Every structure is written in structure tokens, then in C-alpha cells.
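# Next come a sequence and a model predicted from it.
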Amino acid sequence: MFGVGLGLGYLVGPKMEFDFMGVVITFTLAIIYAMGNLGVMRYYLTEKRHEFNIVLHIIFPVVGIIALFFVVYNSLIPWPEAPIGYAFWVVLVWLLLGVFVLLIMKWTKKEGWAKNAGVAAVDNTEK
């Protein structure tokens, strides 16, 4: 990451690098938070149905997703000039590569690490 920061700063200048990475992080976090909101909805509609609350588990997550959509939309319309305009494509390629890696892990039957990802956190909280 240090090398990317230095290389990108050298190529486009430190201010433009700061702006570019800020937009990349914004898009990335928007995806993460939107997926988290979808996860909350799915979790309380399936596994914790007895604790389901429409306001907390549907309305708030949907409002959050809509707010994130407007942040991303307003960051892209009008389309920013280069190199800021490339941030969307960087995040999209990064996301697609991540999905591709997960699919390869599934196809090669090596997805056990993903199924056990939360075990360490659960084990530590039970002590």
C-alpha cells in the first residue's frame, strides 16, 4: 500500500492522489455498508425472526441504502474528470476480482476458511 501511495502520488501529484483515494474509499465503504444493511435484513427475516422489528430491520437499512446510493450518485454525476473518474472503475474491478476469487475458492472446495471466519470472534466473546 505504501508503494501504491508513493507511485500514485508521483504520477498524479499528492493532492490528486488524496482526492482519488478518497473517492475509492467512499465507493468501497458504500458497498460494504449497503451489504451490511442487506445482511441485517436477511438475518432478522430468517434466523432471528422472533426478534424482527420492521423499523430497525427493514426501514432503517433501506433508508441507509438509499442514502448511500445518493452519495455514490452525486459522486459520479456529472462524471468527474480523470483521474477521479477512474475511481469507480478501480472499485468495480476490485469488487469483481474479489467475487472471482471467492468463486474459485468455492469451485475448488476451499471455502472452509469463509465458513469459519467468525469462529475466533465468537470464541473470544464467550470467555
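Okay, I see it. Since the model is a prediction, treat every value here as computed from it, not as a measurement.

# quick one: low-confidence ranges for the chain?
1, 118, 120-127 (pLDDT under 70).

# just checking, what packs against the longest helix along it?
Looking only at the chain and at elements set by DSSP state H, the helix with the highest residue count is helix 14-46. Applying 3 or more Cβ pairs under 8 Å, 6 or more residues apart in numbering; DSSP states H and E, one finds that helix 14-46 contacts helix 2-12, helix 60-76, helix 87-107. In short, each C-beta sits where N, CA and C put it, glycine included.

# and it with helix 87-107, angle?
The directions of helix 14-46 and helix 87-107 differ by 50 degrees, with axes from the mean of the first three to the mean of the last three Cα atoms, to 10 degrees as the criterion.

# tell me, what residue is most central in the chain?
residue 32 (2.6 Å; Cα atoms, centre = their mean).

# Just tell me which of the helices and strands packed on helix 14-46 ends up closest to residue 18.
Of all the helices and strands packed on helix 14-46, helix 2-12 sits nearest to residue 18, with 8.5 Å by Cβ to Cβ.

# which of the residues in the closest one are buried?
Residues 8, 9, 12 are the ones in helix 2-12 that count as buried (16 or more other Cβ atoms under 10 Å).

# export the residues you listed to CSV and tack on distance to residue 63?
Converted to CSV, those look like this (distance: Cβ to Cβ, whole Å):
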residue, distance to residue 63
8, 35
9, 37
12, 36
